[in-house]
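Asker: Quick one: sequence and predicted model below, then my questions.
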Amino acid sequence: MSFYNDVYQQYAEFDFAGFLGSRTPADVREVLAKEHLQPADYLTLLAPAAAGFLEEMAQKAHTLTLKNFGRVIFLFTPLYLSDFCVNRCAYCSFNAGNKFARTKLTLEQVEEEARAIAATGMRDILILTGESRQHNPVAYIKDCVGILKKHFASVCIEVYPLDEEEYRELVAAGVDGLTMFQEVYDPRVYARYHRGPKSNYHYRLDAPERSCRAGMRTVGVGALLGLAGWRREAFFTGLHAAYLQRKFWDVQVSISLPRLRPSIGGFQPEHPVDDKSFVQILLAHRLFLPRAGITISTRESPAFRDNILPLGVTKMSAGSSTRVGGYAHPDGAAPQFEISDPRSVMEIQQLLLKKGYQPVFEDWQQWDSLEKQLCS
Amino acid sequence: MADKLVIGGKELTSRLFIGTGKFASHEVMGRAVSQSGAQVVTVALRRVDLDNPGESELSYIPASCTLMPNTSGARTAEEAVKIARIARAAGCGNWVKIEVVADQRYLLPDNFETVKATEILAREGFVVLPYMNPDLMVAKQLRDAGAAAVMPLGAPIGSNRGLKTREMIRILIEEIDLPIIVDAGIGRPSEAAEAMEMGAAAVLVNTAIATARDPVAMARAFAQAVEAGRAAYLAGLAPARDTAEASSPLTGFLV
Ligand code: SF4
């Protein structure tokens, strides 16, 4: 039982081009009138024919989001622990083939970063590392989590895929959530872009599921937009999220829509996703999965982030640095990629308030330490 | 005589309870709560910054209100119990709304875990108001476990669909000698009025107010609807008939 066997395989022979090309405005209207969407409805919303209905889709997406999440946006910040990596992903600065001085935070530096981030008011943190079991072993990640738990209500991970038992250990150490971008759902395209341990497509694809079994509370999936045709990639991302939601009904599932950004090596995406297409993906996701979170990172520009806010977004990163040690020392290491929205946490907070949204810094915390502190 | 609702030793004149989630800002929430006249306000403890209570939504809730921290975020009885204890230790009083929700697609409550949490917390002296899927047997178990009121859902949370569980709620109102407070699903003032007409002790509203175009005005509308519904209940609704009743009864000669 896995997403690949149960769901992906069903569409292995599916004629995507034929289906997408055959959708008519009448088909789109029919889908827009429905309350619960099936995969074929979802694919219809990703078809060229639906591009003429973005306003209708946006209205519906806005209403659904309001009902399910209200006028609140959750904020989080990424923290890069280490840029050591053994993989050679064509699109990433941390690619083992790129020559630059690599950095890995000591536990003291983690504490220093944590203080700098906590001082901005952030309570929810996402930690990232490159893939190197030698430099960034699970034990190291666990030690870092131990420190971060003192400063933050919620700590999530975006690290290389792990075994179920390792996820269990991290959950026990205080990790609440996992983000794992499959990057590309099409296995053939995946093989083209990934060298090193990451070339194991199935191990990565099953990682969210393993983490759910290990007790993760939140899980985020996503395709790196630009690597393959977006309609098909968005379709599988949505199906993946839906599969996880059904199977692990107690896990909060969310979707991210990371668009490729400039990085060392000057990688140029073969399938760039323009703003209009991005919005179509976002809206289709929301209509298909009314209760899934949708995360928009600082990869997107300030103006664009402001505009898509009411279309289904529930979570944003803010005040981000993609450099190891970048909070305490902003000019230190090389960034993983260039961010587009350099606004500070305070600025994002003010923007949200101005737009009629409440910024939420803390949506969940593990209560153990507080209980000890207050109730003993 | 004033029509009062007594829960946990507190006399309440307003039968509209308010939730504080989903508002665009704490400030709008504060004004909506004031306009609603609500005396019981529920707050998700998971969103309260206990280190800086002065900056949290707590400071926007009128001091006259009874705070009812809720355990939203809890997926097991154990987590709910923890959150309740923390809320009390942090000075949020001893009222608690138990919410144990593991299902993330429809956010439907887990009745079994809710009973377990209610048992433990009632024993510890909390005024426990459990949010539940309307089920008569479970309502009886909650009553026996020491709940101060029972809060069945009218429809899935945030759905604004109204009283989809009408029949089950009616049975709870008839059978359970505790205040029945309809929580979740109410989307319009008319639906709140309907719940009150049926004999609900109170209703709890959040999404319908928080996400209205003008939340403050909507809070006022709900206050009026709840009052009207309660007044109608007390007045005794005239029976509805399928056929028109003849103005001069044909059996009048029997008198
Ligand atoms: S994307 Fe991740 S695995 Fe690939 S090179 Fe960058 S850090 Fe390494």
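Answerer: Happy to help now that I have it.

Asker: How many neighbouring residues does the residue in chain A positioned nearest to chain B have?
Answerer: Chain A approaches chain B most closely through A:G70 (2.1 Å), counting by Cβ to the nearest Cβ. Glycine gets a C-beta too; all of them are placed from N, C-alpha and C. A:G70 has 22 neighbours, counted by other Cβ atoms under 10 Å in any protein chain shown.

Asker: phi, psi of it?
Answerer: The phi and psi values for A:G70, taken as degrees, to the nearest 10, are phi 70, psi -160.

Asker: can I assume it is in contact with B:A210?
Answerer: Yes. Assessed by Cβ atoms under 8 Å, A:G70 is found in contact with B:A210 at 5.4 Å.

Asker: Give me the common contacts of the two.
Answerer: Shared contacts of A:G70 and B:A210 (Cβ atoms under 8 Å, 6 or more residues apart in numbering or on different chains): B:21-23.

Asker: buried stuff in stretch A:259-270?
Answerer: A:259-261, A:263-264, A:267, A:269 (16 or more other Cβ atoms under 10 Å in any protein chain shown).

Asker: Kindly state the pLDDT recorded for the residue of chain A closest to chain B?
Answerer: We have a pLDDT of 91 for A:G70.

Asker: Show me which residues of chain B sit near chain A.
Answerer: B:21-26, B:46-47, B:49-50, B:73, B:75, B:79, B:82-83, B:85-86, B:89-90, B:102-107, B:158-160, B:207, B:210-211 (Cβ under 8 Å from any Cβ of the partner chain).

Asker: repeat that with 7 Å
Answerer: B:21-25, B:46-47, B:49-50, B:73, B:75, B:79, B:82-83, B:85-86, B:89-90, B:102-105, B:158-160, B:207, B:210-211 (Cβ under 7 Å from any Cβ of the partner chain).

Asker: Need the buried ones from those selected in ChimeraX.
Answerer: Here is the ChimeraX selection string for the buried members of these, based on 16+ other Cβ under 10 Å:
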select /B:21,22,23,24,25,46,47,49,50,73,75,79,82,83,85,86,90,102,104,105,158,159,160,207,210,211
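
Asker: Now chain B against the ligand: closest residue?
Answerer: In chain B, the residue that lies nearest the ligand is B:Q104 (28.0 Å; Cβ to the nearest ligand atom).

Asker: Report whether that residue is found in a helix, as I expect.
Answerer: No. When classified by DSSP: H, G, I helix; E, B strand; the rest coil, B:Q104 is found to be coil rather than part of a helix.

Asker: quick one: contacts for it?
Answerer: With contact set as Cβ atoms under 7 Å, 6 or more residues apart in numbering or on different chains, B:Q104 has these partners: A:245, A:249-252, A:291.

Asker: hang on, the earlier thing: kindly reformat the shared contacts of A:G70 and B:A210 as TSV containing pLDDT, distance to B:Q39 and secondary structure.
Answerer: Below are the shared contacts of A:G70 and B:A210 laid out as TSV (pLDDT from 0 to 100; distance: Cβ to Cβ, whole Å; DSSP: H, G, I helix; E, B strand; the rest coil):
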residue	pLDDT	distance to B:Q39	secondary structure
B:G21	86	19	coil
B:K22	89	21	coil
B:F23	88	19	coil
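
Asker: ok, the residues you listed vs chain A, which is closest?
Answerer: Once Cβ to the nearest Cβ is applied, the member of the shared contacts of A:G70 and B:A210 that ends up nearest chain A is B:K22, at 2.1 Å.
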